[in-house]
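Participant: need a structure here:
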Amino acid sequence: MFEHLPWPVLVLPALVALLLGWRRWHRQSFWYAVGYPLTAITVRATWRKVALGCGLTKKRQRFWFTTVPGLVASTGAVRVKRKFQRVAVDTKPWMWLPLPTRHGWRVTLHTLEGQVPEDYSAAAERLAHSWRVHAVRVSSPRPGRVVLYVTIRDPLVRVDKLPPSPDLLKVTVGRLETGRLWEIDFRTVPHWLNAGATQSGKSNLANALIVGLAPQPVALVGFDLKGGVEFTPYAPRLSALATCRAESVGLLDDLVALMTDRMGICRQAGARNIWQLPPAIRPVPVVVLVDELAELYLMADKSEKDEIARTSTALLRVAQLGRAFGIYLFCCGQRIGSDLGPGVTALRAQCSGRICHRVNDPETATMTLGDLDPAALVSARAIPAETPGVAIVASQDGQWYRARSFYVSEAAAEHAAHAYAHLTPSWADVMASRTGIAELDLRTA
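Facilitator: From the prediction side, this is the model:
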């Protein structure tokens, strides 16, 4: 029956089926072999029209030579005159060849006179619609150059969990929108502020930290102002846990005392921080996990004023001086606003790591990201409720990214806490590293 059909009718459906199967089962190789070349040609061919539509071109006056013929009647000759004519033309930014990335491509542009990277950031959404892609991000590696990072589809729709990081105080918690791993490295960024509403992924991120830090030689300290319902299941891996404000005051006093003692150890050893100490006398790092930060600052009546001031001062001192002495903060909260008091604003200034999930009020997003980049604030407010775990992250490279954390169930975090309970240093042992013991260790080292 098919022998009378022309061969294109038989070959084309098979070729289309082959390409569709290749795209579905080997998406990455299909993109590099077929998708990218077609995209690069299309982007370069349509760049003038796209730049004009997005307002990235400039009007320039150019001069052209024109010829004006004139008849000389006496001789019958035709005399040709040349003169200048001013013509207005649209000049587009010069574009290099687009280069492929895992989830799209990147391309470098030469800015025109008077243009700044903010002009391209303002046109990023229009560029994304013109190219029919998921998103366009803008960076400027040096003056006069702008790099556009184009993402074809949202890479955060599905995030597969990867093995934990082997580095001390570094935890792989998810993926960035660029496809790279999302890592929280306390050695590089010591203090973090994590804001998010209920069911936004804030607690899931804390679970990921528990799972990632549990097998590491660190002391974990918890502040759970919900009465302990969040962190009590992880108590086997916590060296100390405060479940109310009164306990928080005492535990913060211990942290300040511990920090002061480590100052003395470093001073006697001639070290600027604990990482310059010999391994034999180096104290154990301490990671402090704070849940519901606002509860440390809320005041029901004036009788709590002194207690709140003491708590705020101690937490701020740890944030200001703790990095050099191996004490790191990860503060979480549903509501983080300047109305809680000046202590919250001062603490925010010390937390260079910022994570903002979906929040219920714009004040919390502004408090978390407002001093970094207005575009990050707009992106944080646009996080939909049906994408738990998606957040805006201020990364250690100075940029901000959309990211999504791995899903870590409470059962998985509780299992990790029990599996590595034998690595938990008791709080008494952590506090026992006093200056007198350190002097003995320094003499014997």
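
Participant: residue closest to the middle of this structure?
Facilitator: Centroid-nearest residue in the chain, with CA atoms, centre = their mean: Val393, separated by 2.8 Å.

Participant: how about that residue, secondary structure?
Facilitator: strand (DSSP: H, G, I helix; E, B strand; the rest coil).

Participant: go ahead and confirm it touches Ala403.
Facilitator: Yes. Contact criterion CB atoms under 8 Å: Val393 and Ala403 qualify, at 4.6 Å. For every residue, glycine as well, the C-beta is placed using N, CA and C.

Participant: what's the overlap in contacts for those two?
Facilitator: Listed contacts common to Val393 and Ala403 are 176, 182; contacts here mean CB atoms under 8 Å, 6 or more residues apart in numbering.

Participant: tell me which element Arg272 falls in.
Facilitator: According to DSSP states H and E, Arg272 maps onto no helix or strand at all.

Participant: quick one: it from Leu298, how far?
Facilitator: 37 Å (CB to CB, to the nearest Å).

Participant: tell me which of these two has more neighbours.
Facilitator: Comparing Arg272 with Leu298 by neighbour count (other CB atoms under 10 Å), the higher total belongs to Leu298, at 14 against 10.

Participant: the closest residue to that one other than its chain neighbours: how many residues sit nearby?
Facilitator: Leaving aside its sequence neighbours, Leu298 sits nearest to Leu340 (CB to CB, 6 or more residues apart in numbering; 7.1 Å). Leu340 is flanked by 22 other residues according to other CB under 10 Å.

Participant: repeat that for Cys54.
Facilitator: Quick note: Cys54 (other CB under 10 Å) scores 18 neighbours.

Participant: that one and His129 touch, don't they?
Facilitator: No. Judged on CB under 8 Å, Cys54 makes no contact with His129 at a distance of 9.2 Å.

Participant: contact partners for the residue lying closest to Phe223 once chain neighbours are set aside?
Facilitator: Residue nearest to Phe223 in three dimensions, not counting chain neighbours: Val290, with 4.4 Å by CB to CB, 6+ apart. Going by CB under 8 Å, 6+ apart, Val290 touches 223, 296, 315, 329-333.

Participant: could you dump those residues into CSV with secondary structure and pLDDT added?
Facilitator: Compiled in CSV, those are given as follows (DSSP: H, G, I helix; E, B strand; the rest coil; pLDDT from 0 to 100):
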residue, secondary structure, pLDDT
Phe223, strand, 94
Leu296, helix, 87
Leu315, helix, 93
Leu329, strand, 96
Phe330, strand, 95
Cys331, strand, 93
Cys332, strand, 92
Gly333, strand, 89
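
Participant: before we move on, back to that, what's the helix or strand for the residue nearest to Phe223?
Facilitator: Per DSSP H and E: strand 286-291 holds Val290.

Participant: so what strands line up beside that strand?
Facilitator: strand 219-224 (parallel), strand 327-333 (parallel) (DSSP bridges).

Participant: between the ones you listed, which gets nearest to Arg142?
Facilitator: Comparing the strands paired with strand 286-291 against Arg142 with CB to CB, the closest turns out to be strand 327-333 (33.4 Å).

Participant: export the next helix or strand after the closest one to PDB, keeping only CA atoms.
Facilitator: Downstream of strand 327-333, the next assigned helix or strand under DSSP H and E is helix 342-350. Extracted in PDB, the C-alpha atoms of helix 342-350 (Å, rounded to 0.1, in the frame of the first residue of the first chain):
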ATOM      1  CA  PRO A 342      16.400  48.700  65.900                       C
ATOM      2  CA  GLY A 343      18.000  45.400  67.000                       C
ATOM      3  CA  VAL A 344      16.500  43.600  63.900                       C
ATOM      4  CA  THR A 345      17.800  46.300  61.500                       C
ATOM      5  CA  ALA A 346      21.200  46.100  63.100                       C
ATOM      6  CA  LEU A 347      21.200  42.300  62.900                       C
ATOM      7  CA  ARG A 348      20.100  42.500  59.200                       C
ATOM      8  CA  ALA A 349      23.200  44.600  58.400                       C
ATOM      9  CA  GLN A 350      25.500  41.900  59.800                       C
END
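
Participant: what's the next secondary structure element after helix 342-350?
Facilitator: Heading C-terminal from helix 342-350 (DSSP H and E), you reach strand 353-356.

Participant: how's the protein carved up into domains?
Facilitator: 83-153, 170-444 (automatic domain parsing).

Participant: columns distance to Gln28 on top of those, output as a markdown table?
Facilitator: Formatted as a markdown table, the domains of the chain follow (distance: least, CB to CB, whole Å):
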| stretch | distance to Gln28 |
| --- | --- |
| domain 83-153 | 7 |
| domain 170-444 | 10 |
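
Participant: how about the secondary structure of Ala385?
Facilitator: Classified using three-state DSSP, Ala385 is coil.

Participant: then Trp192?
Facilitator: strand.

Participant: so who does the residue nearest to it when sequence neighbours are not counted touch?
Facilitator: In this structure, Trp192 finds its nearest non-sequential neighbour in Gly353, 3.6 Å apart by CB to CB, 6+ apart. Gly353 sits next to 184, 189-193, 394, 396 when contact means CB under 8 Å, 6+ apart.

Participant: now do Gly353 against Phe186, distance only.
Facilitator: Where Phe186 is concerned, Gly353 sits at a distance of 9 Å (CB to CB).

Participant: and if you look at Leu340?
Facilitator: Leu340 sits 25 Å away from Phe186, going by CB to CB.

Participant: how about Ala412?
Facilitator: Taking CB to CB, one finds Ala412 at 21 Å from Phe186.

Participant: cool, and Asn204?
Facilitator: Asn204 sits at a distance of 19 Å from Phe186 (criterion: CB to CB).

Participant: now do Asp429
Facilitator: With CB to CB as the criterion, Asp429 and Phe186 are 21 Å apart.

Participant: returning to what we had before: from the contacts of Val290, pick the one nearest Pro164.
Facilitator: Phe330 (16.6 Å).
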